[in-house]
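Undergrad: Structure for the following, please:
(one chain, ligands or ions: 2)
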Amino acid sequence: MKATILTLPGDGIGPEVMAQAQAVLEKIASRYGHEFVLHEGLIGGIAIDTAGDSFPEETRKLGEQADAILLAAVGGYKWDNPQAKDRPERGLLAMRKHFGLFANLRPVKTYPSLAQHVPLRPELLQGVDILFVRELTGGLYFGPRQEMGEGDEAYDTMLYTRGEVERVAHVAFRAAQGRRKKVSSVDKANVLASMRLWRSTVVKVAEDYPDVALDHVLVDACAMHLLTRPASFDVILAENMFGDILSDEASVFAGSLGMLPSASLGAGRFGLYEPVHGSAPDIAGQGKANPVGMLLSVAMMLRYSLELEAEAVALEAAVDAALAAGARTGDIARAGEAVISTAEFAQAVLANL
Ligand code: IPM
Ligand code: MN
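TA: Ligands and ions are numbered 1, 2, ... in the order given. Sure, this is the predicted structure:
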């Protein structure tokens with residue numbers, strides 16, 4: 001097949017992990033006889049510096065012409081000014097909104113070869129396989145707000161409409177049907193009006209999926225249950241900010257935040273794929289970054305936007321095999337284990353493809 005992909009390396013460790021994603025895509029293209037046309041664009045801090053906008057029009061246009069977008073990371077100390085009019089993160093949020101990518105899928109699983117690296121008792125990790133479905137274009141991130149300005153007040157608003165909750169809930173229930181048929185909906189319905197709307201809407205949507213079990217978990221309790229009984233969760237459906245926080249927490253089960261991929265989807269096949277980790281400015285440019293989150297995001301792109309399931313499975317298996325054979329970047333290495341670079345890790349994956 002032929003597909004057009006917009007690559008957005010962004011800031012910090014972004015370009016380093018994106019280079020590995022490209023190497024893997026080239027290999028898959030030649031191995032399976034596909035043509036992937038890659039266009040590179042600007043997003044985030046580097047886009048502010050070179051184009052004066054964290055989400056430049058050129059990037060928007062390139063995205064509109066693409067079948068999928070691959071993004072590495074945005075942000076850095078340089079742009080961390082509370083007074084600034086534009087911020088790297090704004091570019092990412094504007095892009096999610098522009099393309100209507102309301103459902104963010106974040107799978108979390110454990111790797112037997114990394115179990116010793118996880119600061120939880122190994123028996124708790126047995127069978128952990130969670131899919132977060134995070135609402136991505138509503139809630140606190142996009143509600144009415146007031147910046148700090150000259151005054152002493154600033155606020156963000158948690159606002160949801162029934163339609164926004166319905167569409168992301170359908171994504172969660174459909175995903176659960178292909179898994180262990182359980183949805184845990186996270187909210188704070190005991191305190192927040194928006195979360196009472198969330199809960200009652202999810203209850204209604206659940207009527208369409210009698211084969212899927214639904215439970216409701218308050219977000220604070222969920223944060224605790226994730227640590228005490230992680231294997232009991234199947235699909236976790238959460239509003240934007242709760243999903244952001246809980247998925248970082250759950251990344252610990254996989255060994256490192258650097259391991260997690262994500263897919264941001266809307267109504268069609270088009271999607272934005274990015275690792276869950278950030279730009280890690282403290283290790284940028286040193287070849288220390290873990291490329292797994294990025295490479296598994298490529299696999300999700302192959303699966304959801306390009307419908308290349310066999311290629312996605314092959315890439316995931318190649319990553320698993322590299323880890324099982326002992327490939328370790330610093331974030332997943334225990335004392336005494338040999339640490340390899342970002343590029344060496346990707347080489348180990350390529351060798352298994
Ligand atoms: C994520 C990130 C973003 C978010 C930031 C960079 C805007 O933390 O993708 O999880 O909060 O959504
Ligand atoms: Mn986050």
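
Undergrad: quick one: residue 345 is in a helix?
TA: Yes. Residue 345: assigned to a helix according to DSSP: H, G, I helix; E, B strand; the rest coil.

Undergrad: Next, the contact list for it, please.
TA: Residue 345 makes contacts with 20, 290-292, 322, 327-329, as judged by CB atoms under 8 Å, 6 or more residues apart in numbering. C-betas here are computed from N, CA, C, even on glycine.

Undergrad: redo that, cut-off 10 Å
TA: 17, 20, 287, 289-292, 295, 319, 322-323, 327-329, 332, 339 (CB atoms under 10 Å, 6 or more residues apart in numbering).

Undergrad: Quick one, grab the pLDDT at the residue of the stretch 51-200 of the chain at minimum distance from ligand 1.
TA: The minimum distance from the stretch 51-200 of the chain to ligand 1, using CB to the nearest ligand atom, falls at residue 89 (3.8 Å). In this model, residue 89 is scored at 97, pLDDT.

Undergrad: count of neighbours near it?
TA: Residues within reach of residue 89, counting by other CB atoms under 10 Å, total 16.

Undergrad: name the helices or strands packed onto whichever strand or helix holds it?
TA: Using DSSP states H and E, residue 89 sits within helix 88-98. Packing partners of helix 88-98 (3 or more CB pairs under 10 Å, 6 or more residues apart in numbering; DSSP states H and E): strand 2-10, helix 45-51, helix 57-64, strand 68-73, strand 263-265, strand 271-273.

Undergrad: just checking, next helix/strand downstream of it?
TA: Counting by DSSP H and E, what follows helix 88-98 is strand 103-109.

Undergrad: what residues does the helix or strand following that next one touch?
TA: As assigned by DSSP H and E, the chain's next helix or strand after strand 103-109 is helix 122-125. Residues outside helix 122-125 that contact it (CB under 10 Å, 6+ apart): 109-112, 114-116, 118, 227-231, 252-255.

Undergrad: Can you say which of these are buried?
TA: Neighbour counting by 16 or more other CB atoms under 10 Å classes 110-111, 114-115, 118, 230, 252-255 among the contacts of helix 122-125 as buried.

Undergrad: which one in the residues you listed is the model shakiest on?
TA: residue 115 (88).

Undergrad: ok, how many other residues are close to the nearest residue to it once chain neighbours are set aside?
TA: Spatially, and ignoring its direct neighbours in sequence, residue 115 is nearest to residue 122 (4.8 Å; CB to CB, 6 or more residues apart in numbering). Look at residue 122: counted by other CB under 10 Å, it has 11 neighbours.

Undergrad: same check, this time on residue 267
TA: 10.

Undergrad: And the strands in the chain?
TA: 2-10, 35-40, 68-73, 103-109, 129-135, 145-146, 155-156, 182-187, 213-218, 235-238, 263-265, 271-273 (DSSP state E).

Undergrad: Adding distance to residue 79 and mean pLDDT, write the ones you listed out as JSON lines.
TA: Below are these laid out as JSON lines (distance: least, CB to CB, whole Å; pLDDT from 0 to 100):
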{"stretch": "strand 2-10", "distance to residue 79": "12", "mean pLDDT": "98"}
{"stretch": "strand 35-40", "distance to residue 79": "20", "mean pLDDT": "98"}
{"stretch": "strand 68-73", "distance to residue 79": "13", "mean pLDDT": "98"}
{"stretch": "strand 103-109", "distance to residue 79": "23", "mean pLDDT": "98"}
{"stretch": "strand 129-135", "distance to residue 79": "24", "mean pLDDT": "98"}
{"stretch": "strand 145-146", "distance to residue 79": "19", "mean pLDDT": "94"}
{"stretch": "strand 155-156", "distance to residue 79": "20", "mean pLDDT": "97"}
{"stretch": "strand 182-187", "distance to residue 79": "31", "mean pLDDT": "99"}
{"stretch": "strand 213-218", "distance to residue 79": "35", "mean pLDDT": "98"}
{"stretch": "strand 235-238", "distance to residue 79": "28", "mean pLDDT": "99"}
{"stretch": "strand 263-265", "distance to residue 79": "22", "mean pLDDT": "98"}
{"stretch": "strand 271-273", "distance to residue 79": "21", "mean pLDDT": "98"}
